[in-house]
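Engineer: 3D, please:
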Amino acid sequence: MRIITGSARGTHLYTLPGDATRPTSERAKEAVFSILQQKPVGARVLDLFAGSGQLGLEALSRGAERAVFVDGAREAVEILRRNAEKTRLSDRAEIRQSDAIAFLKSYSGAPFDLVFLDPPYAAGLLPQCLTLLRDRRLLSKQGIVVTESGAPEAVFGGDAVLSSFFELCKQNRYGVAHITVLTLKEELL
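Structural biologist: Numbers count the residues shown, from 1 in each chain. Here you go, the predicted structure:
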């Protein structure tokens, strides 16, 4: 696993041993940043369920202004800190050890321009995260949410009301991963 392009291009990242986390595949990551194109430049990024931090670090490497990384596992936070230092991006990285839902409920900073949501597939956390992002106004006007899930229906968990608040920009499958790119509908901003 490595940074694809930007200031930290080619840097190999440390990963967590075992099956506790599931890193986004290189193919899926390349596809995500191809979809996003220049969106990371100057962006405020949230990498929730960050694991090794590869998505947020890739965004920083491509010119994001700042990234907040959140993971509940102490081991993941330690690896993330090492990766931020190794990529020389730690000055723009804020790393927090926290439960994702608790973080979203308590966060009081500026809204995010780009949010990565990659929870454990079986946890069913995507609908709750999307609801909190919307209700707490944690997305900027041009904010983009990129989710990774085991199935496309997991994004909204069958909640038609929740799905009505978001515009589906792109959805593709990469191996077992389903990548979905969303924005809030304009009338809700």
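Engineer: look at residue 60 and give its secondary structure.
Structural biologist: When classified by DSSP: H, G, I helix; E, B strand; the rest coil, residue 60 comes out as helix.
Engineer: again, but for residue 156
Structural biologist: Under three-state DSSP, residue 156 comes out as coil.
Engineer: that one is in contact with residue 168, isn't it?
Structural biologist: No - at 9.7 Å, residue 156 does not count as touching residue 168 under the criterion of C-beta atoms under 8 Å. Bear in mind the C-beta positions are built from the backbone N, C-alpha and C, glycine included.
Engineer: what residues of the host helix or strand of residue 78 count as buried?
Structural biologist: For residue 78, the element it lies in under DSSP states H and E is helix 74-86. Within helix 74-86, the residues that count as buried by 16 or more other C-beta atoms under 10 Å are 76, 77, 79, 80, 81, 83, 84, 86.
Engineer: next one: stretch 34-42
Structural biologist: In stretch 34-42, counting by 16+ other C-beta under 10 Å, buried: 36, 39, 40.
Engineer: what distance do you get for the residue nearest to the spatial centre of the chain to residue 50?
Structural biologist: Centroid-nearest residue in the chain: residue 116, 1.4 Å away (criterion: C-alpha atoms, centre = their mean). For residue 116, the distance to residue 50 equals 8 Å [C-beta to C-beta, to the nearest Å].
Engineer: sorry, back to before: put together a markdown table for the buried residues of stretch 34-42, with distance to residue 30, secondary structure and pLDDT on each row.
Structural biologist: As requested, those are exported to a markdown table (distance: C-beta to C-beta, whole Å; DSSP: H, G, I helix; E, B strand; the rest coil; pLDDT from 0 to 100):
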| residue | distance to residue 30 | secondary structure | pLDDT |
| --- | --- | --- | --- |
| 36 | 11 | helix | 82 |
| 39 | 15 | coil | 81 |
| 40 | 14 | coil | 82 |
